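Asks: With the input below, show me the fold.
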Amino acid sequence: MSGTSLDGVDIALVRTDGETIQELGPFKSYPFDQEFRNQIRRGFGKKDGLADLEAAVTHRHVQAIERFLQSEGITRADVDLIGFHGQTVFHEPENGLTIQLGDGAEMARAVGIDVVNDLRTNDVKAGGQGAPLVPIFHAALAKEMHKPLAVLNLGGVGNVTWIGEDGKLIAFDTGPANALVDDWVQKHTGLAFDEDGQIASAGEIDDAAVNSFMTHPYFHQPVPKSLDRDEFKKFAFELVDDLSLEDGAATLTAFTVAAVMRAQDFFPELAELWIVCGGGRLNKAMMSAFNAYLYGGILKAEDVGWNGDAIESQAFAYLAARAEKGLPITFPGTTGVAEPLSGGQVHRVR
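Replies: Below you'll find the predicted structure:
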């Protein structure tokens, strides 16, 4: 898969029946070059004219799969199914539309392995948010853990899964995660992101800007709810436009922290533990703030034996197995859909 942070293609091998996780195998990430990241960015917010970009996204994923199989010594016969998320460029569930670029039929033909893709559309057509999709995988990973707990994923957009003692799931997008800081740093330095949160750590937070940011209507909407990657960009950048590189990075990072703090107000019961996944867990400024301000213990995915970079790609392997069997992948508490629902399109090798 390729997420909203545009790092590249993540690939993970999972042995699963779509219910239990028998084995988490190797994981690899294949970075995009900066020009291709820019090419994808130019597609954000578009609903048509995307055929060339979709072909390029599919080709990059096919190349990554072939490299992965070769490097890990895995044959095509060893793999039953590929879960192909694709690249989200447009997400307006309130208008019944979400677009993830990726040609599943072409991937199946090129790689020679059955593919499941288009995992969000069915939920959106049924009135759901189409996101987040990973909560059922979080629940499987955390099956034996003490609850209530929260799994926080910090990619381009932040999303959280709250898991109750009885297995109840509540999930939603918290707000921006890395996208705003990444875009700010790229705009001012040409760098892809704020490594380890070093730039933000050197700046001062503009508290007035944070307070203004949290007046955005999204933070007062009931859950479940979901976001497009650039939902906040114009609003947020107007608030930090006059700040220095460092102060802007610090303030945009504080926007992410404030959004997560607000998220816990929607939990039926405060989480006793937060497990943080995704690239944001490596941002020291962000993690320091979570430790200072969130209720409950804060652990990185690795602290509980998970791979914090791999979870999203592992999840889409798990979801593909569920989708192929017709098992639900979205739920009333995770996307707002009326009843548990399966999804995805299966493309068989002919």
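Asks: How far does the host helix or strand of Ala254 sit from its chain's centre?
Replies: When elements are defined using DSSP states H and E, Ala254 is found to belong to helix 245-263. For helix 245-263, the distance between its averaged C-alpha position and the chain's averaged C-alpha position is 18 Å (C-alpha atoms, centre = their mean, to the nearest Å).
Asks: what angle sits between the next helix or strand after it and helix 245-263?
Replies: On the C-terminal side of helix 245-263, the nearest following helix or strand under DSSP H and E is strand 273-277. What separates the directions of strand 273-277 and helix 245-263 is an angle of 130 degrees, with axes from the mean of the first three to the mean of the last three C-alpha atoms, to 10 degrees.
Asks: helices or strands up against the helix holding Ala254?
Replies: Contact analysis of helix 245-263 by 3 or more C-beta pairs under 8 Å, 6 or more residues apart in numbering; DSSP states H and E lists strand 157-163, strand 169-176, helix 179-189, helix 198-201, helix 207-213, helix 233-240, helix 284-293 as its packing neighbours. All C-beta atoms are positioned from the backbone trio N, CA, C, and that covers glycine.
Asks: Mind doing that once more with 6 Å?
Replies: Here helix 245-263 is seen to pack against strand 169-176, helix 179-189, helix 198-201, helix 207-213, helix 284-293 when contacts are counted using 3 or more C-beta pairs under 6 Å, 6 or more residues apart in numbering; DSSP states H and E.
Asks: Check the secondary structure at the nearest residue to Val134 once chain neighbours are set aside for me.
Replies: The shortest distance from Val134 to any residue other than its chain neighbours is 4.3 Å, reached at Ala315 (C-beta to C-beta, 6 or more residues apart in numbering). Secondary structure, DSSP: H, G, I helix; E, B strand; the rest coil: Ala315 is helix.
Asks: Any figure for the gap between Ala315 and Phe235?
Replies: Distance of Ala315 to Phe235, computed by C-beta to C-beta, to the nearest Å: 30 Å.
Asks: out of those two, which sits in the more crowded spot?
Replies: Under the neighbour definition other C-beta atoms under 10 Å, Ala315 and Phe235 were set side by side, and Ala315 has more, 27 against 15.
Asks: Give me the pLDDT value at the more buried one.
Replies: You'll see Ala315 listed with a pLDDT of 97.
Asks: next one: Gln87
Replies: Looking at Gln87, its pLDDT reads 96.
Asks: For it, which residues count as its bridge partners?
Replies: Per DSSP bridges, the residues bridged to Gln87 are Leu101.
Asks: center of the chain - which residue?
Replies: Most central residue of the chain, judged by C-alpha distance to the mean C-alpha position with C-alpha atoms, centre = their mean, is Gly155 at 5.2 Å.
Asks: how about Met286, what does it touch?
Replies: 197, 253, 280 (C-beta atoms under 6 Å, 6 or more residues apart in numbering).
Asks: Chain neighbours aside, what residue packs nearest to the first one?
Replies: Read that as Gly197. Using C-beta to C-beta, 6+ apart and skipping the chain neighbours, the partner closest in space to Gly197 is Ala285 (3.4 Å).
Asks: Any idea how many residues pack against Asp303?
Replies: By the criterion of other C-beta under 10 Å, Asp303 has 13 neighbours.
Asks: I'd like the helices and strands packed on helix 245-263 laid out as JSON lines, including distance to Ala55 and mean pLDDT.
Replies: Below are the helices and strands packed on helix 245-263 laid out as JSON lines (distance: least, C-beta to C-beta, whole Å; pLDDT from 0 to 100):
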{"stretch": "strand 169-176", "distance to Ala55": "29", "mean pLDDT": "97"}
{"stretch": "helix 179-189", "distance to Ala55": "25", "mean pLDDT": "95"}
{"stretch": "helix 198-201", "distance to Ala55": "36", "mean pLDDT": "96"}
{"stretch": "helix 207-213", "distance to Ala55": "37", "mean pLDDT": "98"}
{"stretch": "helix 284-293", "distance to Ala55": "36", "mean pLDDT": "95"}
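Asks: Reformat the ones you listed as JSON lines; add distance to Leu270.
Replies: Formatted as JSON lines, the helices and strands packed on helix 245-263 follow (distance: least, C-beta to C-beta, whole Å):
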{"stretch": "strand 169-176", "distance to Leu270": "13"}
{"stretch": "helix 179-189", "distance to Leu270": "26"}
{"stretch": "helix 198-201", "distance to Leu270": "27"}
{"stretch": "helix 207-213", "distance to Leu270": "22"}
{"stretch": "helix 284-293", "distance to Leu270": "13"}
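Asks: Name the nearest residue to Asp17, ignoring sequence neighbours.
Replies: With C-beta to C-beta, 6+ apart as the measure, Ala321 is the residue that lies nearest to Asp17, at 6.6 Å, once sequence neighbours are left out.
Asks: can you check Glu204 too?
Replies: Leaving out its chain neighbours, the residue that sits closest to Glu204 by C-beta to C-beta, 6+ apart is Asp247, at 5.2 Å.
Asks: how does the chain divide into domains?
Replies: For the chain, the domain assignment from automatic domain parsing gives the residue ranges 8-125+342-347, 135-304.
Asks: Rebuild the ones you listed as JSON lines, extending it with distance to Thr335.
Replies: Conversion of the domains of the chain to JSON lines gives the following (distance: least, C-beta to C-beta, whole Å):
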{"stretch": "domain 8-125+342-347", "distance to Thr335": "5"}
{"stretch": "domain 135-304", "distance to Thr335": "5"}
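Asks: That'll do, ta.
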